[in-house]
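Peer 1: one predicted model, sequence on top.
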Amino acid sequence: MTATKPSRVRDPVHNLIEFGATTNDDQRQLENTLWKVIQTRPFQRLRRIKQLGFSEFVFPGATHTRFAHSLGVFHTARLLLGSVQRSLSQGRGDYSPAQARIALTAALVHDVGHGMFSHAFEAVGKTLELPLARHETVSDRLIRSGEIAAVLDETYGLRSELRSLPSAETLICRCEDVSYSRLQEHSSWRAAKLHTRCGMGPCQGRICGPATQFLFKWNPDSVRPPVFPARVEHLAAQSQSIPEVTGE
């Protein structure tokens, strides 16, 4: 990758926050992409969203914004991931750069959907039953569509020609052995789940859900937490702690 000049932000808490200053090509590509995300209108809007609601009316210095908060979370998350990587490199586990990139992106955009005065606005929205008052709902929409999605897709989006790769026998849902041809018979994610059990296995749609969203342009329902099987040694250890029941 061609080296580009790092972008910098002078933060009042963390001092210098740099984007693209690393020598790792994949990490530099991610940080340069996230810098473009920061330039989008949804993210720049956070400059006008108060982090602490109405607190500044009592404490004049409490003028922190969601913009500065998001940059700080990104910076802190990057430091934390570096610590995790160093720890796992000592044989304590496997470090996944792909999952780290997802975590770092999420750290930057996690609050992009906040309304004015942050959580104070959400309390009013709950009283008035306004669904868009929940910042998680708005964040989800802003991240999945619009300018932020376009920036992320430009670098990490799957190319449309990949939709022609699966054959009729290609397994889309490996938990329930559901092939591509079986899914083609249905018009929606819900219909496919009801008739093929696609997305109803241990991963609860976390793998096949995004796959069908890309292949068929379906909108998967909200997924449940995945089911993690217990290791045999853990079950054995638990059985040893169970008191013996006698017939007395």
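Peer 2: Here it is on my side, so go on.
Peer 1: hmm, who's touching stretch 173-189?
Peer 2: 166-172, 192, 195-203, 207-209, 212-213, 215-216, 218-221 (Cβ atoms under 8 Å, 6 or more residues apart in numbering). C-betas here are computed from N, CA, C, even on glycine.
Peer 1: pull the longest helix from this structure.
Peer 2: When the chain is parsed with DSSP state H, its longest helix is helix 66-87.
Peer 1: and the pLDDT for the residue at minimal distance from the centre of the chain?
Peer 2: What sits nearest the mean C-alpha location of the chain, by Cα atoms, centre = their mean, is Ala106, with 4.7 Å. Looking at Ala106, its pLDDT reads 94.
Peer 1: before we move on, back to that, of the contacts of stretch 173-189, just the buried ones, PyMOL syntax please.
Peer 2: To isolate the buried members of these in PyMOL, using 16 or more other Cβ atoms under 10 Å:
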select buried, resi 166+172+192+196+198+199+200+201+203+207+208+209+212+215+216+218+220
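Peer 1: in helices only, show me the contacts of stretch 173-189.
Peer 2: Those of these lying in helices (DSSP H): 192, 195-196, 208-209, 212-213, 215-216.
Peer 1: contacting residues around Phe74?
Peer 2: Phe74 is in contact with 17, 34, 104, 107-108, counting by Cβ under 8 Å, 6+ apart.
Peer 1: what does Leu80 give?
Peer 2: For Leu80, no residue meets the contact criterion (Cβ under 8 Å, 6+ apart).
Peer 1: name the element the closest residue in space to Gly115 that isn't next to it in sequence belongs to?
Peer 2: Setting aside the residues directly before and after it, Gly115 is nearest to Phe121 in space (Cβ to Cβ, 6 or more residues apart in numbering), at 3.9 Å. Assigned by DSSP states H and E, Phe121 falls within helix 119-128.
Peer 1: so what touches whichever helix or strand comes after that helix?
Peer 2: Counting by DSSP H and E, the next helix or strand C-terminal to helix 119-128 is helix 135-144. Residues from elsewhere that reach helix 135-144, judged by Cβ under 8 Å, 6+ apart: 42, 109-115, 118, 122, 131-132, 148-149, 152.
Peer 1: farthest-separated two in those?
Peer 2: Across the contacts of helix 135-144, no pair lies farther apart than Glu122 and Leu152, at 25.6 Å, counting by Cβ to Cβ.
Peer 1: just the strands in the chain please.
Peer 2: Using DSSP state E, the strands found in the chain span residues 7-11, 15-19, 171-173, 178-179.
Peer 1: of all these, which lies closest to Arg159?
Peer 2: Across the strands of the chain, the minimum distance to Arg159, taken as Cβ to Cβ, is reached by strand 171-173, at 18.1 Å.
Peer 1: so His75 touches Asp11, yeah?
Peer 2: Yes. With contact defined as Cβ atoms under 8 Å, His75 and Asp11 form a contacting pair (7.0 Å).
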